[in-house]
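Q: What follows is a predicted protein model with its sequence.
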Amino acid sequence: MVHYDLTPGDFDNRTGSFTLTFTVLDSTNFYGEWGDRPCLFYDYFLLNATSDHTIHFHFQLSMEGRAIDFLILNPGQFWEFEHSNCGWGLTNSILHVYGSSLNVDWVVPESGQYALVFATPVFYGGQVNYFAQEYSTVVQNQTSTFTASSIFEVTYTVLSTPTSAQSLTTANGSGNAALQWLPVILILGVGVGIAFLLRRRR
């Protein structure tokens, strides 16, 4: 599972659920005075991610018929998000999707810290259920290809499980060992035969 530098204060690591605990108020009202109307509700995770790794996210809202924004921001973008007008003056983000239930596969562009932000301008009092798992499809594919082509020298076959790969190694290893000794046995047999014939002539 992904290791976070920071999670929402009420994040339940067992169930993956949390609520949006931050509220932003309008800085000014119609008359230019300080306002008190809530204009943004959000919470976020901070994580250190490694370049080229794929991280699979899934989130689902507990309140039916509602949707929220999910953003991935670098530190500069996150600072802009927190200091802009209710968070919506943000000019760009690495990823921005909107929904009530989503699966997202994100390939990390470069190693560093990122903020995973859940936000909405409309009050959302329910639970957000969120899970993320880090894996690297590139490394897994390279390993499979290397195993199939280098060790077993099979062209049009895919080895699906490590168990079958081990059993194939054992079977092929014993068969190859017997074939490697065949020329030695033949040479020894011919040598013994020649020695036997020479001895009979004397």
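A: Structure's in. What do you need?

Q: okay, CA-based contacts and neighbour counts for the rest of this
A: Noted.

Q: Phi and psi next, for the closest residue to residue 63 other than its chain neighbours.
A: Of all residues not flanking residue 63 in the chain, residue 126 sits nearest, at 5.8 Å (Cα to Cα, 6 or more residues apart in numbering). In terms of degrees, to the nearest 10, the main-chain angles of residue 126 are phi -90, psi -180.

Q: Contacts only, for residue 126.
A: 19, 61, 62, 63 (Cα atoms under 8 Å, 6 or more residues apart in numbering).

Q: On the pLDDT front, check the second one for me.
A: Put plainly, it is residue 61. According to the prediction, residue 61 has pLDDT 96.

Q: Tell me how far it lies from residue 84.
A: 26 Å (Cα to Cα, to the nearest Å).

Q: Comparing these two, which shows the higher neighbour count?
A: More neighbours surround residue 61 than the other of residue 61 and residue 84, with 21 against 13 (other Cα atoms under 10 Å).

Q: so where do the helices sit in this protein?
A: 75-83, 137-146, 162-201 (DSSP state H).

Q: By mean pLDDT, show me the worst of those.
A: helix 137-146 (a mean of 49).

Q: Please spell out which residues along stretch 37-48 are buried.
A: 39, 40, 41, 42, 43, 44, 45, 46, 47 (16 or more other Cα atoms under 10 Å).

Q: List of residues touching that stretch?
A: 2-8, 19-26, 86-87, 111-124.

Q: Would you mind giving the domain segments of this protein?
A: The record's domain parsing of the chain by automatic domain parsing lists 4-135, 140-201.

Q: I'd like to know how far residue 86 sits from residue 115.
A: For residue 86, the distance to residue 115 - Cα to Cα - is 17 Å.

Q: And these two? Which one has more around it.
A: Between residue 86 and residue 115, residue 115 has the larger neighbour count (other Cα under 10 Å), namely 23 against 19.

Q: Output the longest strand belonging to this structure.
A: strand 38-49 (DSSP state E).

Q: For the residue lying closest to residue 17 once chain neighbours are set aside, give its distance to residue 73.
A: Of all residues not flanking residue 17 in the chain, residue 129 sits nearest, at 4.3 Å (Cα to Cα, 6+ apart). Computed with Cα to Cα, the distance linking residue 129 and residue 73 is 20 Å.

Q: Between these two, point out the one with more neighbours.
A: residue 73 (22 against 18).

Q: Wait, the residue nearest to residue 17 touches residue 13, no?
A: No - using Cα atoms under 8 Å, residue 129 makes no contact with residue 13, being 10.5 Å away.
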